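Undergrad: What shape does this take:
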Amino acid sequence: MPPLLPAPPPPIGSLSDLDRLFHSTEALGTGALSPAALGIAHHEWFVHLANSPFRQIELAAQALRDAQRFAAFLLTGQPAATPDAQDHRWADPSWQMPPFNALQQSHLLTESWWKSALEGLRGASPQSLTIMRFAMRQVLEALAPSNFPWSNPQVIEATLMSRGANLMNGATAWMRDQERAFNLRPSLDPRFRPGHEVAVTPGKVVFRNDLIELLQYAPTTAQVRPEPVLIVPAWIMKYYILDLSPQNSMVRYLVSQGFTVFCISWRNPDASMRDVGLDDYRRAVMSAIDAALTITGQQHLHACGYCLGGTLLSIAACAMAREADNRLATITLLAAQVDFHEAGELRLFINDSQLALLEDVMWRQGFLDSRQMAGAFQLLRVRDLVWQRAVRLYMLGQEDPPNDLMAWNADATRMPARMHAEYLRQLFLDNDLSEGRLQVDGRTVALADLRAPMFAVGTDRDNIAPWRSVYNLLRETRTDVDFVLTSGGHNAGIVSEPGHPARHYLVHERRPHDVYLSPDEWLGQARRREGSWWPAWAAWLAHRSGTPVAPPALANRARGLPALGDAPGTYVLQT
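TA: Model prediction:
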């Protein structure tokens, strides 16, 4: 994780404020992870293990068996442990040669032993054991022999072959990354600039307030479906994940299929927005709905939310349903959760201790910095995003090839203090939306009130919004839901344009009168289809749209919504 630079402290009004200032300073050295939460988890695991003498004997016996297997490997060459299929650290054949194969086997056996030590401990809470497994994974990943130049045969070979040029190139790349971390060099990849190489679908900014710019895209077909499509991206990311390069832009694809597309571009908050709340973001979505329908002169639109944008759209849709506002013709949720009970490893960062630390950090700064949020996501996939990248870039001296998705990933945003605290506590920690406690305008909203047809997409390798968590939508709603499980991760599974190699998806339709299927039962009944899921979604939208008509004008000055500038607008350029 990049180093975090301290913000000026806010005014101190009490001794408790000094504690908050201490905690926010402490977070600079812990990557905004709560040492108290880790300490509590470690204490609970240690005490329960100390009070289980026969479990200790079992682990000692396993350690002895592992030592015997390792000794037999040294004598016979028969592997004592086999890496997982997804573990690419040892893919190079040089890891099968001594002494490197011994280093590999020793590390794999150590990982296996710790996995056993952190499982099956009666009395310890599942969350504490999960935190301990996460923490030990960070330690073991860091200590892997593949991470050190003197124990990685690929690095040794590259150093000998290039006479050290790989290490010189790596040192240059490391210095460049440090300059970016300390804001001494622009963090954005100049090869992928919004409005130049990415986010280039033609359109106009047709509405702007303190939170959003609304983009309307120019038609490319002679006729369009009368109902426009409104896209609500997550506020923790720039919207152009859905409008990357022309060949993989979802926005451009929808436009080419005869839809009038609107997309929200969120403002990048600063400290002045510390008191902006979650409901302010919901109201911004409502403003976008109003503007899109005013410009097109239509009564209904198709709403699409991605990631947290889908969660926010769900809240807005529930409030609309409660008020009998039926302007949503359909609702599409892309890798979006409405029930956070099974929200995957991100829940590691969501407990009272962790949230208290984050709230103290945001109290000091007025927002959660994008680097702090990015650090949490990196730790979830620390092997791929940290250590293997470090080996490839800093030791082998191999530059990453140009990639629009990775360039977008580095172009992150901040989150206002109040809004992010409300989101984490009300949704992630307390699960208020799913459990019927979330209130909008002083009244409870419920997912069971939704009646608009829904199209939901999960991705099979998503560690941010696990597909089984996304699937819980079917348990919470009583409307038509077409659920798609596509290959790929949280981002790559959604940016899955037609023609993308090795893509497939599963699909199954649930109707209101159908009995509930568990995720495993759904897998047994879903149909597999090869290729991108985008054409299936476009056909689903078209089937629920009216007869094509002439495209509406870009913006509508007569109705008080003139064009304010060209897409991608100005908010997306804020850093």
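
Undergrad: mind checking how far Pro194 is from Gln574?
TA: 11 Å (CB to CB, to the nearest Å). For every residue, glycine as well, the C-beta is placed using N, CA and C.

Undergrad: Neighbour count for those two, which is higher?
TA: Pro194 (23 against 15; other CB atoms under 10 Å).

Undergrad: Touching, that one and Pro568? I think so.
TA: Yes - under the criterion of CB atoms under 8 Å, Pro194 makes contact with Pro568 at 5.1 Å.

Undergrad: what sits in contact with each of these two?
TA: Tyr240 (CB atoms under 8 Å, 6 or more residues apart in numbering).

Undergrad: how about the helices in the stretch 201-350 of the chain?
TA: With helices called from DSSP state H, counting those that start in this stretch, the stretch 201-350 of the chain shows them at 250-256, 278-296, 308-322.

Undergrad: nearest to Asn51, of those?
TA: helix 308-322 (41.0 Å; CB to CB).

Undergrad: Count the residues that sit near Gln96.
TA: 13.

Undergrad: Check the one 10 residues further on too.
TA: Counted with other CB under 10 Å, the neighbours of Ser106 add up to 16.

Undergrad: List the residues that contact it.
TA: Ser106 sits next to Phe70 when contact means CB under 8 Å, 6+ apart.

Undergrad: what residues are up against the residue nearest to Ala412 when sequence neighbours are not counted?
TA: Among residues not flanking Ala412 along the chain, Ser370 sits closest, at 3.4 Å (CB to CB, 6 or more residues apart in numbering). Under the criterion of CB under 8 Å, 6+ apart, the neighbours of Ser370 are Ile236, Ala412, Thr413, Arg414.

Undergrad: Give me the subset of those residues that lies in helices.
TA: Counting by DSSP state H, these place none of their members in helices.

Undergrad: how about those in CSV, adding pLDDT, distance to Ser434 and neighbour count?
TA: Formatted as CSV, those follow (pLDDT from 0 to 100; distance: CB to CB, whole Å; neighbours: other CB atoms under 10 Å):
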residue, pLDDT, distance to Ser434, neighbour count
Ile236, 88, 20, 20
Ala412, 83, 27, 20
Thr413, 89, 26, 23
Arg414, 91, 27, 26
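
Undergrad: Would you quantify the distance from the residue nearest to Ala412 to Gln86?
TA: Ser370 sits 28 Å away from Gln86, taking CB to CB as the criterion.

Undergrad: element containing Leu506, please.
TA: Assessed by DSSP states H and E, Leu506 sits inside strand 504-510.

Undergrad: and after that strand, which helix or strand comes next?
TA: Next along the chain after strand 504-510, taking DSSP H and E as the criterion, comes helix 519-525.

Undergrad: tell me the mean pLDDT for the helix or strand just after that following helix?
TA: Downstream of helix 519-525, the first helix or strand assigned by DSSP H and E is strand 527-530. The predicted model assigns strand 527-530 a mean pLDDT of 97.

Undergrad: Buried ones in strand 527-530, by neighbour count?
TA: The neighbour-count check on strand 527-530 (16 or more other CB atoms under 10 Å) flags Arg529 as buried.

Undergrad: what does stretch 437-454 give?
TA: Leu438, Val440, Val445, Ala446, Leu447, Asp449, Leu450, Arg451, Ala452, Pro453, Met454.

Undergrad: Off-centre distance for that stretch?
TA: Remark: stretch 437-454 is offset 24 Å from the chain centroid, using CA atoms, centre = their mean, to the nearest Å.

Undergrad: contact partners of it?
TA: 279, 282, 314-315, 317-319, 321-322, 326, 328-333, 338, 426-427, 430, 432-434, 436, 473, 476-482, 544.

Undergrad: can you give me phi and psi for the residue lying closest to Phe428 once chain neighbours are set aside?
TA: Distance criterion CB to CB, 6+ apart; nearest residue to Phe428, sequence neighbours excluded, is Ile350 at 4.5 Å. The phi and psi values for Ile350, taken as degrees, to the nearest 10, are phi -120, psi 90.

Undergrad: What count of nearby residues applies to Ile350?
TA: Neighbours of Ile350 under the rule other CB under 10 Å: 19.

Undergrad: wait, Leu348 sits on Ala135?
TA: No - with contact defined as CB under 8 Å, Leu348 does not reach Ala135; the gap is 9.1 Å.

Undergrad: neighbour count winner among the two?
TA: Shown here are Leu348 and Ala135; by other CB under 10 Å, Leu348 has more neighbours (22 against 19).

Undergrad: show me the contacts for the more buried one.
TA: Contacts of Leu348 by CB under 8 Å, 6+ apart are Thr130, Ile131, Phe134.

Undergrad: related to what we said a few turns ago, mind checking how far the residue nearest to Phe428 is from Met362?
TA: For Ile350, the distance to Met362 equals 15 Å [CB to CB].

Undergrad: in the chain, which ranges drop under the pLDDT threshold?
TA: In the predicted model of the chain, residues 1-9, 184-187 satisfy pLDDT under 70.

Undergrad: So which residue is smack in the middle of it?
TA: In the chain, the residue lying closest to the centroid (CA atoms, centre = their mean) is Ile464, at 4.6 Å.

Undergrad: Please save the CA atoms from stretch 275-289 in CSV.
TA: The C-alpha trace of stretch 275-289 is given here as CSV (Å, rounded to 0.1, in the frame of the first residue of the first chain):
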residue,chain,number,x,y,z
ASP,A,275,-21.1,16.1,6.0
VAL,A,276,-22.6,14.9,2.7
GLY,A,277,-24.6,11.7,3.6
LEU,A,278,-25.8,8.6,1.9
ASP,A,279,-29.3,10.1,1.4
ASP,A,280,-27.7,13.0,-0.5
TYR,A,281,-26.3,10.5,-2.9
ARG,A,282,-29.7,8.8,-3.3
ARG,A,283,-31.2,12.2,-4.0
ALA,A,284,-28.6,12.7,-6.7
VAL,A,285,-29.8,9.5,-8.4
MET,A,286,-33.4,10.9,-8.3
SER,A,287,-32.2,14.1,-9.9
ALA,A,288,-30.6,12.1,-12.7
ILE,A,289,-33.8,10.1,-13.2
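
Undergrad: Next, the residues that contact that stretch from outside, please.
TA: 207, 209, 211-212, 214, 230, 232, 235, 262, 264, 269, 301, 303, 312-313, 315-316, 319, 327-328, 416-419, 422-423, 426, 440.

Undergrad: ok, and the most crowded of the contacts of Leu348?
TA: Counting by other CB under 10 Å, top hit in the contacts of Leu348: Ile131 with 27 neighbours.

Undergrad: Could you count how many residues lie near Asn472?
TA: What Asn472 shows, counting by other CB under 10 Å, is a neighbour count of 19.

Undergrad: wait, what's in contact with it?
TA: Taking CB under 8 Å, 6+ apart, we find Asn472 in contact with Gln337, Val338, Asp339, His341, Glu342, Ser434.

Undergrad: Turn the helices of the stretch 201-350 of the chain into TSV, including distance to Leu393.
TA: Below are these laid out as TSV (distance: least, CB to CB, whole Å):
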stretch	distance to Leu393
helix 250-256	30
helix 278-296	36
helix 308-322	30
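
Undergrad: Straight-line length of stretch 222-236, end to end?
TA: 36 Å (CA to CA, to the nearest Å).

Undergrad: how about that stretch: buried residues?
TA: 224-236.

Undergrad: Among those residues, which lie within strands?
TA: Using DSSP state E, the members of the buried residues of stretch 222-236 that fall in strands are Val229, Leu230, Ile231, Val232.

Undergrad: Mind putting those residues into CSV with distance to Ala390?
TA: Below are those laid out as CSV (distance: CB to CB, whole Å):
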residue, distance to Ala390
Val229, 41
Leu230, 41
Ile231, 35
Val232, 36
